[in-house]
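>>> sharing a model prediction with you, sequence too.
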Amino acid sequence: MNARPESAAVPGTSDFDASRRQFLKTSGGLVLGFSLFGPLAAMAEQPATRIPASPSGAAQAFPAVDPARLDAWLAIHPDNTATLFTGKVEQGNGSPNALAQIAAEELDFPFDRLYVVMGTTTSTVDQGPTYGSMAVRYAGPQIRHAAAAGRQVLLSMASKRLRVPVEQLTVRDGVVSVGGDSGHGDKSRSITYGELVDGKRLDMTIGATGKTFDMKVAPDARPKDPSKYTIVGTSVPRKDIPGKVTGEFTYVHDVKVPNMLHGRVVRPYGIGSDLLEVDESGLRDIPGFVAVVRQRNFLGVVAETEWGAIKAAEKLGSKRVRKGPADGQAKWSDWRGLPAADALWDTLRHASGKDTTVAKRGNVDAALRGAAKTLKATYCTPFETHGSIGPELAIADVGKGYAKFWAGTQMPHQARRDMAELLDLPVENVVVNWVEASGQYGRNGLEPVMADAAIMSRAVGRPVRVQWMRWDSHGWDPKEPPIVQDLEGALDHAGNVVAWRHHMWVPTYSDTRLLASELIGKPVGQIHLGDAAIQYEYEFDHADVVSHGEGRVGLITSWMRAPGQFETTYAMEAFVDELAAAARQDPLAFRLKYLKEPRAIAVLKAAARQYGWESRPAFRGKQSGRLATGRGIAWVNRDGSRVATIADVVVDRDTGGIRVKRVVVAHDCGLVVSPDGLRNQIEGNIIQSISRTLHEEIAFDRAHVTSRDWASYPILRFNEIPDSIEMVFVNDSAEYPSNGGGEPSTCPTAAVISNAVYDATGIRLRQKPFRPERVKAALAHA
Amino acid sequence: MPGTIHLKVNGKQHAVEAEPDTMLLYVLRDQLGLHGPKFGCGLSQCGACTVHLDGAAVRSCVLPAAAAEGRAITTLEGLGSVDKPGPLQQAFIDEQAVQCGYCINGMIMTAQAFLDAHPNPSRDDIKQALDNNLCRCGTHMRIVRAVERAAKHWKHAP
Ligand code: FES
Ligand code: FES
């Protein structure tokens, strides 16, 4: 059976604007799903209307969508608006806009009348999680084919209706006409998509094989010739922005469900502490307090009001700074199993795991022995947090035989399966209503918090909205893992690289264990080994690149923007720079000598041209005065997208402060679907990666994370942003299929800044972050 | 114990039942349905919860609701709507100065109070005014441009 009977039931054209306004006005009301995306269609999709309040005790089924049917992807409404349904979700960088552009393009439909419904498991196809800059690359072709199939279906309907062969029809802006290419043809013989479909569902079969990322949709569809694109490649305004700047947009944080309670978690004192006792005295005096939820080491409170839940949780020990395992009315065992902070790097080197050979060429040991000059260096990078400005939140309504969620997860379909496993429910009895959350940049705590809400809702028998406090988010979201990397290189007398060795120790960045599931002793999720997050492309005669992939080391670690590759690019591109400096060669020319791949060469040259690069070796000697200036360059290939970045920095010798002044980015992700959207994403990547490079490090003691707020985990502020970020798009044309842009430009930044600091001062920063104390210490030793 | 608190928000009087020490943010969001102000840290560190109190930008996550009695409270909703955005909101739309948008309430409310007092700011003044507001998406460049654009608009307004 199909899960979307209401989607075609949409008011007529004349009601459109009034309904839309009405819809927007009511967004302060009960349950809203998709705010500005697809007002009318989304209304029909709203959880409130889609999922009736459950008769108590009755099991409910929430069937999945069949990707082989056109209406899994597309609905055309009588007012000639349309809705695209996609399992990909918005994570704060606007990439669904690009998917909508692709659909509008293939349909010959006006972009501003096309709305998008995302993520909800009863309305969308499982196209895999939204991560790894893969939305446009993988979901793009699926949507392109579905929309192209839709256009064919609509044309054959029009052909029957207008009684002319398809070849004599033209489409423009969702209007099919008989006649030539003029676009309008004979007015008396034209019909809108909306009139054609007449409120019916597009329930024809278009075919689909495979699953998630690899799914092929509508194999027989014939997408447009890219040289005819009129919507793809243009900058269209994002539909969500007006709501977001006026407070009318509904985030998951704003959703209210009837009869809903508020929950807060109380985490263990130490990562591995056991819960010994809970003193509940005084809790009942808190207005609105409902219950303590305790299951093994899981502890939470629920109350009628947020304030009541916050106060009750605080009494039990939920606060920014905790003095010990007995600080609060919940007592925990005194667990101290984390490595000492300065022993972290050794711990990483000795953790068990599996080696992956990334490159093996020639005989590195022999080449090192025979070299004129050898260099060795170690690069260290710390734990980092995603640090979403809005802490993680989910609402769960768990009853007998069903579970409903309202969540901002980047993987609603996978989360549905995980929740079913956690709650011992068949998957079809679980639904995830996806509603956008604060930006997440990878796997933050949006899935783990669903488990918290599920456990609390199951315990109290009412819907529970759980929001993490700031310290829950900083303290317990899955982290970017720390990585240690050893490099060795050698030059001959002419300054040519004769040997290159790069060994890295990489804990998992794919630990999807749900924290609460571990706390209740029923683990859900996998701990994978750390992958070789590196793309090695230099052509050195003797090379040995090995990644040692490990499991969990200390904290739960999961992908954060360009996971692992941000760190490996830092080490690789900074050490190449060390070799170039040792050879007294220009760092750009030095790289180009060892690169063959034309797209890599093209981005480096494009960045250099935009910057106005003059050839010279790095570090011209000590600069007089307090402020020293330098330039740095680095590049990356992340899954086929190439990015080269050049930046100017100023180092304040007295304070150790680093300011990045000018940034130039050359970006090749093939054909750019949404130029302004991509620019917005690149600016975000650059600012965030400057922040990660200069400031960010999760500190911990032997028991737990001690960076538990924005004071102990500073991020980049307005006074520190660059004066300019210039961008050049390379290979932005139809011959180069669109690739991802959500992450790649994060990768080069740390190396660029480290190299620029060397150029300015002659010191090498080999450990992130480059906080002033560390820079000052390095300058003092120079 | 809960009591009645009288609040004047966006020009309208409200009587709400709440504990007097409840932070204003929760009253606005949960009881008055105003979702402009957001919970970010509850520690006065990020600015996501910013509202105006008698025209000054304050952090509603650390302001007890009772302390706002008798004062004029303005939220993001008070500056305009999707149908009729205020000039600063319009500038954010024109610059597409949003990624996830979660911090944007704080950016607009802080910048609005600043522009009201400093109608002709330099770029550095704007950065300084926003320096205690955090954005994790890295939308800073566009946010500064949007505030600059709005400031120019006012300068040229009749
Ligand atoms: S939520 Fe109030 S300052 Fe962060
Ligand atoms: S736009 Fe996402 S936090 Fe600023």
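Sure thing, it's come through. Ligands and ions are numbered 1, 2, ... in the order given.

>>> flag every buried residue along stretch A:393-408.
For stretch A:393-408, the neighbour count (16 or more other CB atoms under 10 Å in any protein chain shown) marks A:393-399, A:402-408 as buried. Every residue, glycine included, has its C-beta placed from N, CA and C.

>>> say whether ligand 2 is contacted by it.
No - applying CB under 6 Å from any ligand atom, one finds stretch A:393-408 separated from ligand 2 by no less than 12.6 Å.

>>> looking at that stretch now, give me its mean pLDDT.
Averaged over stretch A:393-408, pLDDT sits at 97.

>>> kindly report the same for stretch A:645-665.
On average, stretch A:645-665 scores 98.

>>> list the residues that contact the closest residue to residue A:594 other than its chain neighbours.
Computed as CB to CB, 6 or more residues apart in numbering or on different chains, the closest residue to residue A:594 that is not its neighbour in sequence is residue A:538, at 4.4 Å. Counting by CB atoms under 8 Å, 6 or more residues apart in numbering or on different chains, residue A:538 touches A:497, A:500, A:576, A:591, A:594-595.

>>> most neighbours, which of these?
residue A:500 (28 neighbours; other CB atoms under 10 Å in any protein chain shown).

>>> adjacent strands (with direction) for the host helix or strand of it?
Remark: residue A:500 resides in strand A:497-506, with elements defined by DSSP states H and E. As defined by DSSP bridges, the strand partners of strand A:497-506 come to strand A:483-491 (antiparallel), strand A:543-550 (parallel).

>>> keeping just the C-alphas, turn the shortest one into CSV.
Output in CSV follows, covering the C-alpha atoms of strand A:543-550 (Å, rounded to 0.1, in the frame of the first residue of the first chain):
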residue,chain,number,x,y,z
ALA,A,543,56.7,6.0,-1.3
ASP,A,544,55.2,4.2,1.6
VAL,A,545,51.8,5.4,2.9
VAL,A,546,50.0,3.3,5.5
SER,A,547,46.9,4.1,7.5
HIS,A,548,46.5,2.2,10.8
GLY,A,549,42.7,2.0,11.4
GLU,A,550,41.6,1.6,14.9
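
>>> what's in contact with it?
Counting by CB under 8 Å, 6+ apart, A:348, A:351-362, A:364, A:499-508, A:529-534, A:536, A:568 sit against strand A:543-550.

>>> recalculate using a threshold of 7 Å.
Surrounding strand A:543-550, the residues in contact under the criterion CB atoms under 7 Å, 6 or more residues apart in numbering or on different chains are A:351-362, A:364, A:500-508, A:529-532, A:534, A:536.

>>> buried ones among these?
Among the contacts of strand A:543-550, the ones that count as buried (16+ other CB under 10 Å) are A:351, A:353, A:356, A:358-359, A:364, A:500-508, A:529-532, A:534, A:536.

>>> is the helix or strand encompassing residue A:689 in proximity to ligand 2?
Counting by DSSP H and E, the element that carries residue A:689 is helix A:675-694. No - contact of helix A:675-694 with ligand 2 is not found when judged by CB under 6 Å from any ligand atom; the minimum separation is 8.0 Å.

>>> for the helix or strand just after that helix, which positions count as buried?
Scanning forward in sequence from helix A:675-694 by DSSP H and E, the next helix or strand is strand A:724-729. Across strand A:724-729, burial judged by 16+ other CB under 10 Å covers A:725, A:727-729.

>>> about what we covered before: tabulate the strands paired with strand A:497-506 in a markdown table, adding columns for mean pLDDT.
A markdown table is the format used below for these (pLDDT from 0 to 100):
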| stretch | mean pLDDT |
| --- | --- |
| strand A:483-491 | 98 |
| strand A:543-550 | 98 |
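
>>> between those strands, which gets nearest to ligand 2?
strand A:483-491 (26.0 Å; CB to the nearest ligand atom).

>>> residues making contact with the closest one?
So strand A:483-491 is in contact with A:345, A:348-349, A:367-368, A:371-381, A:497-506, A:564, A:567-568, A:571, A:575, A:579, A:582-583, going by CB under 7 Å, 6+ apart.

>>> pLDDT below threshold where in chain A?
Applying pLDDT under 70 to chain A flags the ranges A:1-58, A:132-133, A:180-188.

>>> quick check: domain ranges of it?
Residue ranges for each domain of chain A read A:5-246, A:254-333+A:386-476, A:351-383+A:479-781, as given by automatic domain parsing.

>>> would you point to the one among the ones you listed that's packed deepest?
Ranked by mean neighbour count, those are led by domain A:254-333+A:386-476 with a mean of 23 (mean count of other CB atoms under 10 Å in any protein chain shown).

>>> report whether that domain contacts ligand 1.
No - against ligand 1, domain A:254-333+A:386-476 shows no contacts by CB under 6 Å from any ligand atom, the least distance being 7.6 Å.

>>> anything in that domain near chain B?
Yes - applying CB under 7 Å from any CB of the partner chain, one finds domain A:254-333+A:386-476 touching chain B at A:254, A:287, A:305-307, A:320, A:387-390, A:438-439, A:467, A:469-470.

>>> return the helix or strand in chain B with minimum mean pLDDT.
Among the helical and strand segments of chain B, the one scoring lowest on mean pLDDT, DSSP states H and E is helix B:140-156, with a mean of 90.

>>> please see if it touches chain A.
Yes - under the criterion of CB under 7 Å from any CB, helix B:140-156 makes contact with chain A via B:140-142.

>>> surely residue A:737 is within a helix?
No - going by DSSP: H, G, I helix; E, B strand; the rest coil, the assignment for residue A:737 is coil, not a helix.

>>> ok, it touching residue A:669?
No - counting by CB atoms under 7 Å, no contact exists between residue A:737 and residue A:669, whose distance comes to 9.6 Å.

>>> the residue most central in space within chain B - nearest residue in space that isn't next to it in sequence?
Nearest to the mean C-alpha position of chain B, by CA atoms, centre = their mean, lies residue B:109 at 2.8 Å. Leaving aside its chain neighbours, residue B:109 sits nearest to residue B:50 (4.1 Å; criterion: CB to CB, 6+ apart).

>>> kindly report the same for residue A:397.
Per CB to CB, 6+ apart, closest to residue A:397 is residue A:463, 3.9 Å.

>>> same thing with residue A:513?
residue A:525 (4.0 Å).

>>> hang on, that neighbour packs against residue A:515?
No - Residue A:525 is beyond contact range of residue A:515, at 9.3 Å (criterion: CB under 7 Å).

>>> the helices in chain B, which residues?
Along chain B, counting by DSSP state H, helices occupy B:24-26, B:87-94, B:104-117, B:123-130, B:140-156.

>>> mind checking the SS state of residue A:754?
Assigned by three-state DSSP, the conformation of residue A:754 is helix.

>>> what sits against residue 96?
As the question left the chain open, I've gone with chain A. Contacts of residue A:96 (CB under 7 Å, 6+ apart): A:86, A:88, A:90, A:116, A:118.

>>> meant chain B actually
So residue B:96 contacts A:237-238, A:241, A:676, A:680, B:142 (CB under 7 Å, 6+ apart).
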